[in-house]
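Student: Output the structure for:
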Amino acid sequence: MESAPRIVETDIPARLDRLPWGRFHTLVVIALGITWILDGLEVTLAGAVAGALKESPTLAFTNAEVGLASSAYLAGAVLGALLFGWLTDRWGRRVLFFITLAIYMAATTATAFSWDIWSFTLFRFITGAGIGGEYAAINSTIQELLPARVRGHTDLAINGSFWFGAGLGAAGSIVLLDASALGPDAGWRLCFLIGGALALPILLMRMWIPESPRWLMTHGKPEQACAVIEQIEGRMRDGGCILTDGPHPRLRLRERHHTPLAEALRVLFHEHRQRALVGLSLMSAQAFFYNAIFFTYVLVLTDFYDVQADRVGWYLLPFALGNALGPLMLGRMFDTVGRRIMISVTYVLSGVLLAISGYLFLKGSLDAAGQTIAWTVIFFVASAAASSAYLTVSETFPLEMRALAIAAFYSIGTALGGVVSPLIFGALIDTGSRANVFGGYLFGALFMIAAGLVQARWGVAAERKPLESVARPLAAME
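Tutor: Reported below is the predicted structural model:
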């Protein structure tokens, strides 16, 4: 006969949320948030090398094959997020953010030694799986360790740091893709080797990050959770922080060691179906919007504006800068003005701006510099919107299934909006018709506007609230 589950009373969430910002939080942001910089570097280099892959004597890709490789990366991210997201909720945040980074490091290094379209596509698929798993493990960890009052703008800034990696990738491509210096085949291979080399010190940095005490307290390990929070508080006191001793609000939990997949899916798509609709709309719209344009950015410059493949880095730099500054400059408004207003406004505005710039592209009113300026302005807004999608799906579902929720919406959204978009846009660009490409831009614009309206109607006002009040833990007792 099975014994009744133990009832645990804990004040850990309140103790985490009352902490002042300290060296511990900075370390968490750097060691874990670096994932987005790596992804930005990876995706930008993959986009920047598109021209070099077409000119490579070994590979000689067509535009459609460039799109195929991009779609393979995204497909790997979809499947990797689902698998590793599920494991993150079962095995813990800390174990998985080591596994996923190791997979990324091995696969992106292997990409540098590709010999044909199929080897390149396979290695890109595995690289994507590692990055997709990183999103689930890292987003859930960061959400659970940051105080509620700074969760919004800090999370947006971390997600926006993708574009610092993009800027590094763009700058690196200017040197590495100079065929006169390195030859037509060596530059793109070095681009991928750099990504693998950068992952190694990040693995070592993560040794200092503890397991999420919120995960521990809901998985039958309350003693370990208390030890972790006491260690965090001790570090902060040693650093000169003055912490309030309480008493703090307490939460009663029924002990459980894991959440069955069937229960997680029922909660996700039945009990919280309105939140699921919002998350799915936001993730799929931003995935189509970004992946359609960014993965084919270089092809538009080279095919419609006759920009040389080794010069595209100069056009990627301002684009990356606009994307990086958007979340940084707009982020605090998501904690002050509020989530519902800011998310819906940034989504709708992004769609409207893309439709306008797409029309100017159709009419031939822009040159390469004008097109880059237009995209830089659009994605200053769209970057904050896209980052808020990750914030939304990571804070509006119960703790026991947070990583799975992130993975599910990232995967479904990317599958619906992202995997096919580079392939579609690659084919549209191959037609040489501005009207066909504009049709794709217009669809992406309407997709973003529709998602913004869904958020305005059913979005959750989660700003400055503890995660446990935004979404009640499944193990919580009245």
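
Student: Next, count neighbours for residue 353.
Tutor: By other CB atoms under 10 Å, 20 other residues sit near residue 353. Yep, even glycine has a C-beta here, placed from its N, CA and C like the rest.

Student: Quick one, grab the pLDDT at it.
Tutor: Per-residue pLDDT puts residue 353 at 95.

Student: where does the chain dip in pLDDT?
Tutor: Scanning the chain for pLDDT under 70 picks out 1-4, 46-48, 51, 176-184, 295, 309-310, 418-419, 478.

Student: If you tally nearby residues, what's the number for residue 198?
Tutor: Neighbourhood size, residue 198 [other CB under 10 Å]: 18.

Student: so it makes contact with residue 39?
Tutor: No - Residue 198 lies out of contact with residue 39 (CB atoms under 8 Å); the separation is 11.5 Å.

Student: Strands along this structure, start to end?
Tutor: Ranges of strands within the chain are 7-10, 251-254, based on DSSP state E.

Student: chain center to the last one: distance?
Tutor: Going back to what we said before, that points to strand 251-254. How far strand 251-254 lies from its chain's middle: 31 Å, per CA atoms, centre = their mean, to the nearest Å.

Student: One more: the first one?
Tutor: Using CA atoms, centre = their mean, we find the averaged C-alpha position of strand 7-10 to lie 33 Å away from the chain's own average C-alpha position.

Student: Which elements pack onto it?
Tutor: Applying 3 or more CB pairs under 8 Å, 6 or more residues apart in numbering; DSSP states H and E, one finds that strand 7-10 contacts helix 222-238, strand 251-254.

Student: For the strands of the chain, give me CSV that also has distance to residue 321.
Tutor: Below are the strands of the chain laid out as CSV (distance: least, CB to CB, whole Å):
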stretch, distance to residue 321
strand 7-10, 44
strand 251-254, 43
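
Student: out of the helices and strands packed on strand 7-10, deepest packed?
Tutor: strand 251-254 (a mean of 18; mean count of other CB atoms under 10 Å).

Student: Report all helices and strands that that one contacts.
Tutor: Where contact means 3+ CB pairs under 8 Å, 6+ apart, strand 251-254 is packed against strand 7-10, helix 12-17.

Student: And for residue 149, nearest residue in space, chain neighbours not counted?
Tutor: Of all residues not flanking residue 149 in the chain, residue 464 sits nearest, at 5.2 Å (CB to CB, 6 or more residues apart in numbering).

Student: ok, the one you found touching residue 153?
Tutor: No - using CB under 8 Å, residue 464 is not in contact with residue 153, being 10.6 Å away.

Student: Please enumerate the shared neighbours of these two.
Tutor: residue 335 (CB atoms under 8 Å, 6 or more residues apart in numbering).

Student: For those two, indicate the residue with more neighbours.
Tutor: Taking neighbours as other CB under 10 Å, residue 464 and residue 153 compare with residue 153 leading, 22 against 16.

Student: do you know how far residue 465 is from residue 382?
Tutor: From residue 465 across to residue 382, the span is 26 Å (CB to CB, to the nearest Å).

Student: So for these two, which residue has more residues nearby?
Tutor: When neighbours are counted by other CB under 10 Å, residue 465 and residue 382 differ, and residue 382 comes out ahead with 26 against 17.

Student: got the contact list for that one?
Tutor: Residue 382 makes contact with 286, 289, 290, 323, 326, 346, 350, 354, 448, according to CB under 8 Å, 6+ apart.

Student: Next, work out how far apart it and residue 286 are.
Tutor: Using CB to CB, residue 382 is found at 7 Å from residue 286.

Student: what does residue 60 give?
Tutor: Going from residue 60 to residue 286 by CB to CB gives 33 Å.

Student: more crowded one of these two?
Tutor: In this view residue 60 and residue 286 are compared by other CB under 10 Å, and residue 286 has more residues nearby, 29 against 12.

Student: and residue 455, what does it touch?
Tutor: Applying CB under 8 Å, 6+ apart, the residues near residue 455 are 278, 281, 282, 340, 343, 344, 347, 392.

Student: Please name the nearest non-neighbouring residue to residue 372.
Tutor: In space, and not counting its chain neighbours, residue 372 is closest to residue 315: 4.9 Å by CB to CB, 6+ apart.

Student: isn't the one you found right up against residue 302?
Tutor: No - with contact defined as CB under 8 Å, residue 315 does not reach residue 302; the gap is 10.2 Å.

Student: still on that earlier bit, can I get the helices and strands packed on strand 7-10 in CSV including distance to residue 96?
Tutor: Output for those, formatted as CSV (distance: least, CB to CB, whole Å):
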stretch, distance to residue 96
helix 222-238, 17
strand 251-254, 22
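
Student: of all the ones you listed, which lies closest to residue 429?
Tutor: With CB to CB, the closest approach to residue 429 among the helices and strands packed on strand 7-10 belongs to helix 222-238: 50.3 Å.

Student: counting contacts, what elements does the closest one pack onto?
Tutor: Helix 222-238 packs on strand 7-10, helix 12-17, helix 23-48, helix 213-217, going by 3+ CB pairs under 8 Å, 6+ apart.

Student: Output that helix in CSV, but only the C-alpha positions, please.
Tutor: C-alpha atoms of helix 222-238 as CSV (Å, rounded to 0.1, in the frame of the first residue of the first chain):
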residue,chain,number,x,y,z
PRO,A,222,12.9,20.3,-0.3
GLU,A,223,16.0,19.8,1.8
GLN,A,224,18.3,20.4,-1.2
ALA,A,225,16.1,23.4,-2.2
CYS,A,226,16.7,24.9,1.2
ALA,A,227,20.4,24.3,1.0
VAL,A,228,20.6,26.1,-2.4
ILE,A,229,18.6,29.1,-1.3
GLU,A,230,20.7,29.4,1.9
GLN,A,231,23.9,29.2,-0.2
ILE,A,232,22.6,32.0,-2.5
GLU,A,233,21.6,34.2,0.5
GLY,A,234,25.0,33.5,2.1
ARG,A,235,26.8,34.6,-1.1
MET,A,236,24.8,37.8,-1.2
ARG,A,237,25.4,38.6,2.5
ASP,A,238,29.1,38.1,1.9
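
Student: Find out how far that helix is from the centre of the chain, if you would.
Tutor: In terms of CA atoms, centre = their mean, the centre of helix 222-238 is set 29 Å apart from its chain centre.

Student: Identify the residue spatially nearest to residue 292, adjacent ones excluded.
Tutor: Nearest one to residue 292, counting by CB to CB, 6+ apart, is residue 421 at 3.7 Å.

Student: Then residue 19?
Tutor: Nearest residue to residue 19 in three dimensions, chain neighbours excluded: residue 147, at 5.6 Å (CB to CB, 6+ apart).

Student: Run a quick neighbour tally on that neighbour.
Tutor: Counted by other CB under 10 Å, the residues lying close to residue 147 total 16.

Student: Need phi/psi at it.
Tutor: Torsion angles at residue 147 (phi, psi; degrees, to the nearest 10) stand at phi -60, psi 150.

Student: Next, work out how far apart it and residue 15 are.
Tutor: Distance from residue 147 to residue 15, by CB to CB: 10 Å.
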